[in-house]
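Asks: Sharing a model that was predicted from the sequence below.
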Amino acid sequence: MIKSDVHSSEFDTYYTRYIDKLADKTELIKGFETGKQHLINFFESIPEDKLTFRYQPNKWSIKEILQHLIDTERIFMYRCFRIARRDPTALAGYDQNIYVDPSQADDKSIEGLLDEFTINRNNSISLLSSFTDEDLSFIGNSNGGVLSARAAAFIIIGHDIWHTEVITNKYL
């Protein structure tokens, strides 16, 4: 399964910003594997003194962004799982901002956050590997709109790229 298999009718237009970060030939599992190593290398390259930096007082720190990537992957893989299993139940949205403070990301080590990310990503890869193309093509209801299982998964990869670009442009 590649990104060009995903049609714009399979997700809310808001997520175009993430899907469009991927090349059309991006293969789903390979994208998750490559993205995992890219994210690890990226966050390991950031100087320790920058990890709790905020470019504005109300913005997240770099550690909080990494925690956000982990949390968002969990939520979108849950959506992917439910949709791929043909659960017709409408899935709720979530307020990403309320997750930040309770995560206490700034109190965690970068090694601990990257370990959490790696474990979560490996679980995502394992789950995606268990689905057929038909499973991934199934469309459900998420946050009041349509979402295919495959779109939920590709959004994760693009979301990672989006935030590494934000960090590069605004934090480093």
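Replies: Okay, I see it.
Asks: can we go C-alpha only for contacts and neighbour counts from here?
Replies: Will do.
Asks: which residues does the residue nearest to residue 145 when sequence neighbours are not counted contact?
Replies: Leaving aside its sequence neighbours, residue 145 sits nearest to residue 12 (C-alpha to C-alpha, 6 or more residues apart in numbering; 6.2 Å). Neighbouring residues of residue 12 by C-alpha atoms under 8 Å, 6 or more residues apart in numbering: 145-147.
Asks: per-residue confidence for the residue of the chain most remote from its centre?
Replies: Distance from the C-alpha centroid of the chain, by C-alpha atoms, centre = their mean, peaks at residue 49 (25.0 Å). In the predicted model, residue 49 carries a pLDDT score of 96.
Asks: and it, helix, strand or coil?
Replies: The three-state label given to residue 49 by DSSP: H, G, I helix; E, B strand; the rest coil is helix.
Asks: still on that earlier bit, just send the contacts of residue 12 back as CSV, with pLDDT and distance to residue 127 too.
Replies: CSV is the format used below for these (pLDDT from 0 to 100; distance: C-alpha to C-alpha, whole Å):
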residue, pLDDT, distance to residue 127
145, 95, 23
146, 97, 21
147, 98, 18
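Asks: Any chance of the backbone angles for residue 145?
Replies: Phi and psi for residue 145, reported as degrees, to the nearest 10, are phi -140, psi 180.
Asks: That one and residue 125, how far apart?
Replies: 25 Å (C-alpha to C-alpha, to the nearest Å).
Asks: got it, and residue 76?
Replies: Applying C-alpha to C-alpha to residue 76 and residue 125 gives a distance of 13 Å.
Asks: next one: residue 7
Replies: Residue 7 is 22 Å from residue 125, by C-alpha to C-alpha.
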